[in-house]
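> After the sequence you'll find the predicted model.
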Amino acid sequence: MGKRNESNEQLPLAKAENVEFAAERADADDLEALQRSEEADRRAQQYEGT
């Protein structure tokens with residue numbers, strides 16, 4: 001994990017990042033990371049809706 005925020009300030013949250021994904025160049029690890037990212041986004045949306 002990264003370094004803790006020692007000032008205890010709320011960090012900004014970003015849902016969408018400007019990242020390109022080239023499926024034709026993706027390997028198995030890239031595809032797994034994409035799937036995990038999409039699942040995490042779905043969980044986050046469900047959490048925000050409660």
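Good, I have the coordinates.

> so where's the protein uncertain?
Where the chain drops to pLDDT under 70, the residues are 1-9, 11-18, 49-50.

> Walking through it, point out its helices one by one.
All helices of the chain, identified by DSSP state H, fall at 28-48.

> Restrict stretch 22-30 to CA atoms and write it as PDB.
Taking Å, rounded to 0.1, in the frame of the first residue of the first chain, the C-alpha atoms of stretch 22-30 are listed here in PDB:
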ATOM      1  CA  ALA A  22      -5.600  -1.900 -25.800                       C
ATOM      2  CA  ALA A  23      -7.400  -5.300 -25.900                       C
ATOM      3  CA  GLU A  24      -5.200  -6.500 -28.800                       C
ATOM      4  CA  ARG A  25      -2.100  -6.000 -26.700                       C
ATOM      5  CA  ALA A  26      -3.500  -7.300 -23.400                       C
ATOM      6  CA  ASP A  27      -2.200 -10.500 -21.700                       C
ATOM      7  CA  ALA A  28      -4.000 -12.700 -19.200                       C
ATOM      8  CA  ASP A  29      -2.900 -10.500 -16.300                       C
ATOM      9  CA  ASP A  30      -4.300  -7.300 -18.000                       C
END
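
> buried ones in it?
For stretch 22-30, the neighbour count (16 or more other C-beta atoms under 10 Å) marks no residue as buried. For the C-beta atoms, the positions are set from N, CA and C on the backbone; glycine is no exception.

> Need the residues that contact it.
21, 34 (C-beta atoms under 8 Å, 6 or more residues apart in numbering).
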